[in-house]
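Asker: take this sequence and fold it.
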Amino acid sequence: MMELPILDIATFVADAASPAGQQFVQDLLAAAHGPGFVYLTGHGVPADLDVALFAAARGFFALPEAERRELAIANSAAFRGYTVLGDERTNGKGDWRDQLDLGPEEAAPEFGDGDPSWLKLRGPNQWPTNLPELRAATLSWMAAMDAVGLAALRALALGLGQSVDHFDPGFVPDSDVHLKIIRYPAVPEARADAGAAGQGVGLHQDTGLLTFILQDDVGGLQVQLGDRMVDAPRVDGAYLMNLGEMLQTATDGYLRATPHRVVSPAGGCERLSIAYFFNPRFELVFAPVELPAHLAAEAAGANQVLADASLSTLFGENNLKTRLRSHPDVAARHYPELASS
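Answerer: Residues are numbered from 1 along each chain as shown. Just a heads-up that it's a prediction; the model follows:
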């Protein structure tokens with residue numbers, strides 16, 4: 001039995017002011033205030049874009065390891081590239097996954113004295129020479145997902161008593177989104193014997209605004225609801241959406257950034273997923289949302305439930321801090337002045 005809600009966003013996209021559109025707003029707000037995870041159907045992204053992206057992702061992980069390592073994330077100050085198994089860390093422990101990190105395709109900015117370090121998070125992606133279809137499939141899917149993310153944020157804005165375009169300034173005309181193409185292999189016996197079994201990715205909260213997950217049928221994603229870990233399997237035609245700590249903070253804990261993890265698959269299997277972090281421009285200072293009284297009365301207080309109570313309101317600072325913790329090799333190479341702290 002599914003313990004996470006499944007909502008059809010098509011009615012809202014078609015006519016946000018219609019009774020069905022307004023009902024979606026209330027249902028989405030309830031999901032964001034409650035479990036913090038929701039399956040979205042009716043999103044309008046063509047299924048063939050999902051299929052093409054998955055096919056290209058499988059093609060990437062089928063490349064010889066030497067070719068994947070040529071795209072090492074340590075090459076990029078923008079944290080774009082390939083991370084080998086066990087090199088990304090959550091809660092100080094290596095996650096048993098390898099992945100390719102990507103973002104908007106753009107030139108690296110000129111960086112001068114006095115510029116904020118997070119400016120270096122922008123730049124070009126690294127693409128495998130022998131798999132040209134990966135670039136086309138990824139960028140097409142990301143462009144389609146932008147509309148889904150913006151529609152979901154607009155629905156949340158209305159639910160929170162704001163204007164429909166309240167969150168638009170961080171995303172229109174463009175934003176600093178991020179995508180991970182992730183493979184979770186089964187844990188080898190040697191790693192299990194060393195006491196590291198099970199952590200595909202450790203229990204954590206996302207730090208941004210919205211995350212959308214496209215996953216295969218293998219399973220392993222789990223969501224923390226109270227004192228229970230609840231499975232969040234694939235639902236055909238749906239993207240699984242969850243909220244990040246910036247929305248939780250801005251709403252004083254009314255919206256929920258729910259802890260979640262991925263448990264490594266059983267022997268003989270591997271899990272493949274795409275995580276799309278729909279995040280604003282790095283320059284955005286995310287101000288508190290003035291909640292209507294009836295919502296404010298139900299706010300838990302953001303810092304009571306945050307994994308990191310030192311969260312900054314400037315998105316670029318938060319994003320860089322998270323990346324530095326997760327990728328100490330990139331920190332040492334490109335941010336030596338920050339690596340020690």
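Asker: how deep is the residue lying closest to Leu131 once chain neighbours are set aside tucked in, by neighbour count?
Answerer: Distance criterion Cβ to Cβ, 6 or more residues apart in numbering; nearest residue to Leu131, sequence neighbours excluded, is Gly59 at 5.3 Å. C-beta here means a position set from N, CA and C on the backbone, and glycine is covered the same way. Neighbourhood size, Gly59 [other Cβ atoms under 10 Å]: 15.
Asker: does Gly59 count as helix, strand or coil?
Answerer: helix (DSSP: H, G, I helix; E, B strand; the rest coil).
Asker: what helices or strands is the helix or strand harbouring Arg154 leaning on?
Answerer: Using DSSP states H and E, Arg154 sits in helix 133-159. On a contact count with 3 or more Cβ pairs under 8 Å, 6 or more residues apart in numbering; DSSP states H and E, helix 133-159 meets helix 10-14, helix 19-33, helix 47-62, strand 178-185, strand 210-215, strand 239-243, strand 270-278.
Asker: contacts for the fifth one?
Answerer: Okay, so that is strand 210-215. Outside strand 210-215, the residues within contact range by Cβ atoms under 8 Å, 6 or more residues apart in numbering are 40, 50, 53-54, 145, 148-149, 152-153, 221, 233-234, 239-244, 247, 271-279.
Asker: pull out the buried residues from it.
Answerer: For strand 210-215, the neighbour count (16 or more other Cβ atoms under 10 Å) marks Leu210, Thr211, Phe212, Ile213, Leu214, Gln215 as buried.
Asker: returning to that earlier point: pLDDT at the residue nearest to Leu131, what is it?
Answerer: We have a pLDDT of 98 for Gly59.
Asker: which ones are touching it?
Answerer: Shown in contact with Gly59 (Cβ under 8 Å, 6+ apart): Leu131, Glu133, Leu134.
Asker: identify the residues contacting the residue nearest to the second one when sequence neighbours are not counted.
Answerer: This means Glu133. Nearest residue to Glu133, sequence neighbours excluded (Cβ to Cβ, 6+ apart): Ala56, at 5.1 Å. Neighbouring residues of Ala56 by Cβ under 8 Å, 6+ apart: Leu131, Glu133, Leu134, Ala137, Thr138.
Asker: tell me where the model's unsure across the stretch 51-200 of the chain.
Answerer: Low-confidence segments of the stretch 51-200 of the chain, defined by pLDDT under 70: 189-197.
Asker: quick check, central residue of the protein?
Answerer: Centroid-nearest residue in the chain: Phe277, 3.3 Å away (criterion: Cα atoms, centre = their mean).
Asker: distance check, that one against Ser117.
Answerer: 19 Å (Cβ to Cβ, to the nearest Å).
Asker: next one: Leu225
Answerer: 37 Å.
Asker: what's the local residue count around the nearest residue to Arg80 once chain neighbours are set aside?
Answerer: Closest residue in space to Arg80, ignoring its immediate chain neighbours: Asn125 at 4.9 Å, by Cβ to Cβ, 6+ apart. Asn125 sits with 21 neighbouring residues when counted by other Cβ under 10 Å.
Asker: need the contact list for Asn125.
Answerer: With Cβ under 8 Å, 6+ apart, Asn125 has these contacts: Arg80, Gly81, Leu102, Gly103, Glu105, Arg135.
Asker: how close does the fifth one get to Asn125?
Answerer: Taking Cβ to Cβ as the criterion, Glu105 is separated from Asn125 by 6 Å.
Asker: and the second one, by the same measure?
Answerer: To Asn125, Gly81 is 8 Å away according to Cβ to Cβ.
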